[in-house]
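S.K.: Sequence first, then the predicted structure, then my questions.
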Amino acid sequence: MSTKTLADALSIIKNGIIHSKKKVIIKNKYSKLLINVLEIMKKYGYIEDYKVISEDRGKVIEVVLSDIINECQSILPRFFVKKDEYLEWEKTYLPAVNTGILIVSTSKGVMTNKEAKGKLGGSLIAYVY
């Protein structure tokens, strides 16, 4: 079993989008970090909803997909970004400035580059556009 829970879950979402699925099931990949990332994706409209279902063998996450995702991927290794370096990383991972979001883990929790820009540094964990 892989230890890259977030990367595997985002790969499942991306494959669901490629195959025009409305829902995907993420099994055996539950983590608080994944739930925080899904919450951000829901807030910005990249997914419609998600639901955590408890089963005998662990928790399963059902994700209802939206049609606006072109790409979602985990960033490995986790690069550290200073509060004034977000524009540089946006140019690296996003197709254009102000298109999509970088998801960052900061000392104040998981947030987007738009929320952290100029205030907090942190580790890049994923991008979505």
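M.R.: Sure, I can see it. Note that the structure is predicted; figures quoted are calculated from it, not measured.

S.K.: Tyr93: how many residues sit nearby?
M.R.: When neighbours are defined as other C-beta atoms under 10 Å, Tyr93 has 19 of them. The way it works is simple: take the backbone N, C-alpha and C, and place the C-beta from them, glycine included.

S.K.: Setting aside sequence neighbours, what's the nearest residue to it?
M.R.: If the residues on either side of it in the chain are set aside, Tyr93 comes closest to Tyr127, at 4.4 Å by C-beta to C-beta, 6 or more residues apart in numbering.

S.K.: Quick check: the residue sitting furthest away from the middle of the chain vs Asn28, distance?
M.R.: Largest separation from the mean C-alpha position in the chain: Asp56, at 26.5 Å (C-alpha atoms, centre = their mean). In this structure, Asp56 and Asn28 are 12 Å apart, going by C-beta to C-beta, to the nearest Å.

S.K.: now do Glu48
M.R.: With C-beta to C-beta as the criterion, Glu48 and Asn28 are 23 Å apart.

S.K.: can you check Cys72 too?
M.R.: Counting by C-beta to C-beta, the gap from Cys72 to Asn28 is 19 Å.

S.K.: With Arg57 instead?
M.R.: 8 Å.

S.K.: So which residues of the chain form helices?
M.R.: For the chain, applying DSSP state H gives helices covering 5-18, 32-43, 86-93, 113-116.

S.K.: OK, contacts around Leu34?
M.R.: Each residue near Leu34 by C-beta atoms under 8 Å, 6 or more residues apart in numbering is listed here: Thr5, Leu6, Ala9, Ile26, Ile61.

S.K.: ok, what's across the strand from the fourth one?
M.R.: Judged by DSSP bridges, the bridge partners of Ile26 are Ile61.

S.K.: so it makes contact with Ile61?
M.R.: Yes. Counting by C-beta atoms under 8 Å, Ile61 is a contact partner of Ile26 at 4.3 Å.

S.K.: what is in contact with these two at once?
M.R.: With C-beta under 8 Å, 6+ apart as the test, Ile26 and Ile61 both reach Ala9, Leu34.
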